[in-house]
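> The sequence isn't on hand, but the structure is:
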Ligand code: ASP
């Protein structure tokens, strides 16, 4: 190695040692007779010192010519610093440089390579290799490495084996669009990139690999948000001879292991909530339960505290539902207007917002005082268990639609009230998802998870009777701080039931055979009962890191338009390439 030590390594006990360090110039200060240079590498920063009369004239001249990010090698002796810096691990020492060598000069970087940079997103992505020199991003990738190692440690101890599955495959329906790759050898035909290795891991179960995992790239062509990337990584797992309970226990164990070993946190038992309760109390299948604010219905199944008072809006709605925000009765008119604007945004779509405050004297004042007496409002407050100082916010409308709107308001209020601390973790399962959901536009049923998910055995008669909306699945999601970090299911392993499922999803027997014949065939050769799940690895890392964006945890991510602006991809193909692939483009 060119160096004897890293830049994060030297301490006072090394004083007097001859060392050679290599790294990048973080900054240099020329105070006339003395020059200081901060030398950085992955491990830290060490201060170099050159002194007129003591360092060679050549070294001094070189030091004076150093710019940010020059790559240098410095030879010298470790000495105790006169003015120590207790913010730096190496802050007690500096290197009295004897020889300096510039290994490579550098152009001035387009943004500051510091923890707080002046570079915007685009420029940082274009020069991602420079961005990766910054501590926060480097630390994110180190965290990712740590999480991956702990995943492997845990699963290895549990006898899982990692098996790679192909990337050039055929469509796997996970609910997104496929990325496709043309086949030169089979003109006019295309591979699909896996949205997940779902069918392959099931085939591995048929093969007898009863505990499989893979940290694997998946590809989904969908519109991007901060927490989505067209290519992302899953911790993909499958087990044979299991029931839902076994899967939940095994992977609760994995999550507990990760929290313990990555964050030093004991998360204890992982509670479970049914999908039905999640929707009823939080209007979301991934509720953020770091804070309470559970939904309370003023009008719904078995309750009606609003009808018959001439308030048309509530009378016309089948559901009137609200949340109680502790200690928010002080909200001003302006703040309430902001909330009203918020729920009226087209993405949310509520018509309006009704509020009621519980005053210090216990009297409830509301925006609908005209219709509801003090006594009526007192019954509302009682339903919410509201106390003086609380603010009740109410939406009305149509069942699940209004619950989803209220979910947005609840999350917003949670944020406003400072109840969503990223370093306070809640982990829970949501179980008993519906097997199928109805697509109004397409006028057909869709698999809520994917077509290989099994109905609960006790609900199979409902499925056979055509009551598709009532069938529950043996499917589960793991939710951390309101983010779905994983999900899976117990699978169908009988050919007949799988064929029935394809039929419900609108496949003709021929289509099912053409697309999934390999799986249906495999089920005839001794398929064991099996099930599994997959965790979003990038997302899990971002949660451990306490940030929303998964991009920081991916070395070379894509932007919101699906572009890699550094390598400038996607890009057009040369005509010769297109000809070879027998492809004509229409743009
Ligand atoms: N393949 C599923 C997914 O990507 C996970 C699973 O069912 O194991 O969401």
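Yep, that arrived. Computed from a prediction, not measured in an experiment: that's the story for all the values here. Numbering: from 1, shown residues only.

> Paired strands for the longest strand anywhere in the chain, with orientation please.
Ranked by number of residues, the top strand in the chain under DSSP state E is strand 18-31. Strand 18-31 has its sheet partners listed here by DSSP bridges as strand 34-41 (antiparallel), strand 71-80 (antiparallel).

> And the very next helix or strand once past the shortest one, what does it pack against?
It stands for strand 34-41. Going down the chain from strand 34-41, the next helix or strand is strand 44-51, by DSSP states H and E. Applying 3 or more Cβ pairs under 8 Å, 6 or more residues apart in numbering; DSSP states H and E, one finds that strand 44-51 makes contact with strand 18-31, strand 34-41, helix 57-64, strand 71-80, strand 93-104. Where C-beta positions appear, they are placed from N, C-alpha and C, glycine not excepted.

> most neighbours per residue, which of the ones you listed?
Across the helices and strands packed on strand 44-51, the average number of neighbours (mean count of other Cβ atoms under 10 Å) peaks for strand 34-41, which reaches a mean of 20.

> tell me how far it is from the chain's mean position?
Relative to the chain's own centre, strand 34-41 is displaced by 38 Å; criterion: Cα atoms, centre = their mean, to the nearest Å.

> Please apply the same query to stretch 403-419.
Relative to where its chain is centred, stretch 403-419 has its mean C-alpha point 19 Å off (Cα atoms, centre = their mean).

> Also stretch 351-364?
Averaged over its C-alpha atoms, stretch 351-364 has a centre that lies 36 Å from its chain's centre (Cα atoms, centre = their mean).

> Equivalent analysis for stretch 474-492, please.
Mean C-alpha position of stretch 474-492 versus that of the full chain (Cα atoms, centre = their mean) differs by 13 Å.

> Let me know whether it sits next to the ligand.
Yes. When contact is scored as Cβ under 6 Å from any ligand atom, part of stretch 474-492 falls within range of the ligand: 487-489.

> And for stretch 284-301?
No. Among the residues of stretch 284-301, none lie within reach of the ligand under Cβ under 6 Å from any ligand atom; the closest is 13.4 Å away.

> thinking again about what came up before, looking at the strands paired with strand 18-31, spot the one closest to the ligand.
Each of the strands paired with strand 18-31 was checked against the ligand via Cβ to the nearest ligand atom, and the shortest separation belongs to strand 34-41, namely 38.1 Å.

> So what's the residue count around residue 136?
As a burial measure, residue 136 scores 14 neighbours (other Cβ atoms under 10 Å).

> Ok, residue 581 next?
16.

> Now do the contacts for the closest residue to it other than its chain neighbours.
If the residues on either side of it in the chain are set aside, residue 581 comes closest to residue 182, at 4.5 Å by Cβ to Cβ, 6 or more residues apart in numbering. The contact partners of residue 182, by Cβ atoms under 8 Å, 6 or more residues apart in numbering, come to 189-191, 581-583.

> now do residue 135
Contact partners of residue 135, counting by Cβ under 8 Å, 6+ apart, are residue 115.

> which phi and psi does it have?
Main-chain dihedrals, residue 135, degrees, to the nearest 10: phi -50, psi -50.

> burial measure for residue 217, as a count.
Around residue 217 there are 14 residues (other Cβ under 10 Å).

> list the contacts for it?
Counting by Cβ under 8 Å, 6+ apart, the residues that residue 217 touches are 167, 231-233.

> now do residue 35
Contacts were defined as Cβ under 8 Å, 6+ apart; by that measure residue 35 touches 28-29, 49-51, 60, 63-64.

> how about 7 Å then?
For residue 35, the set of contacting residues under the criterion of Cβ atoms under 7 Å, 6 or more residues apart in numbering consists of 28, 50, 60, 63-64.

> Kindly report the same for residue 405.
Taking Cβ under 7 Å, 6+ apart as the definition, contacts of residue 405 comprise 343, 348-350, 395.

> Could you do residue 265 as well?
Applying Cβ under 7 Å, 6+ apart to residue 265 gives the contacts 259, 425.

> Just give me the closest of the contacts of residue 217 to the ligand.
residue 232 (10.0 Å).

> The closest one and residue 256: what is the separation?
When Cβ to Cβ, to the nearest Å is applied, the distance between residue 232 and residue 256 equals 24 Å.

> Same check on residue 174?
Between residue 174 and residue 256 the computed distance is 27 Å (Cβ to Cβ).

> before we move on, back to that, farthest-apart pair in the contacts of residue 182, please.
Spatially, the most separated pair among those is 191 and 582, at 14.9 Å (Cβ to Cβ).

> Who has more neighbours out of those two?
Each of residue 191 and residue 582 has its neighbours counted (other Cβ under 10 Å); residue 191 has more, 18 against 13.

> Out of the contacts of residue 35, which is nearest to the ligand?
Nearest to the ligand among these: residue 28, at 50.0 Å, using Cβ to the nearest ligand atom.

> which ones are touching the residue nearest to that closest one when sequence neighbours are not counted?
Taking Cβ to Cβ, 6+ apart as the measure, residue 28 lies nearest to residue 37, with 4.3 Å between them; neighbours along the chain are not counted. For residue 37, the contacting residues are 25, 28, 48, 63, 66, taking Cβ under 7 Å, 6+ apart as the criterion.

> which of the contacts of residue 405 are buried?
Neighbour counting over those (16 or more other Cβ atoms under 10 Å) leaves 343, 348, 350, 395 as the buried ones.

> contacting residues for the first one?
If I follow you right, that is residue 343. Counted by Cβ under 7 Å, 6+ apart, residue 343 has contacts 350, 353, 395, 405, 409.

> mind redoing it with 8 Å?
Counting by Cβ under 8 Å, 6+ apart, residue 343 makes contact with 350, 352-353, 395, 405, 408-409.

> Which of the three states applies to residue 479?
strand (DSSP: H, G, I helix; E, B strand; the rest coil).

> Distance of it relative to residue 537?
Distance of residue 479 to residue 537, given as Cβ to Cβ: 16 Å.

> where does residue 75 sit relative to residue 129, distance-wise?
Counting by Cβ to Cβ, the separation of residue 75 from residue 129 is 27 Å.

> same question, residue 315
Residue 315 sits 63 Å away from residue 129 when distances are taken as Cβ to Cβ.

> Give the residue from the two that has the larger number of neighbours.
A side-by-side neighbour count of residue 315 and residue 129, using other Cβ under 10 Å, places residue 315 first with 15 against 10.

> Make sure that one is actually in contact with residue 304.
No. With contact defined as Cβ atoms under 8 Å, residue 315 does not count as touching residue 304 (10.1 Å).

> Contact partners for residue 31?
Counting by Cβ under 8 Å, 6+ apart, there are no residues that residue 31 touches.

> Quickly list what it is bridged to.
Here residue 31 sits in beta bridges with residue 34, as judged by DSSP bridges.

> List, one by one, the residues from the stretch 251-400 of the chain near the ligand.
Applying the criterion Cβ under 6 Å from any ligand atom, no portion of the stretch 251-400 of the chain neighbours the ligand.

> Which parts of the stretch 251-400 of the chain are helices?
Ranges of helices in the stretch 251-400 of the chain, per DSSP state H, counting those that start in this stretch, are 275-282, 312-316, 333-344, 374-384, 399-416.

> Columns mean pLDDT on top of those, output as CSV?
Below are these laid out as CSV (pLDDT from 0 to 100):
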stretch, mean pLDDT
helix 275-282, 97
helix 312-316, 95
helix 333-344, 96
helix 374-384, 96
helix 399-416, 96
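
> so can I have a markdown table of those showing distance to residue 245?
Conversion of these to a markdown table gives the following (distance: least, Cβ to Cβ, whole Å):
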| stretch | distance to residue 245 |
| --- | --- |
| helix 275-282 | 17 |
| helix 312-316 | 43 |
| helix 333-344 | 39 |
| helix 374-384 | 35 |
| helix 399-416 | 28 |
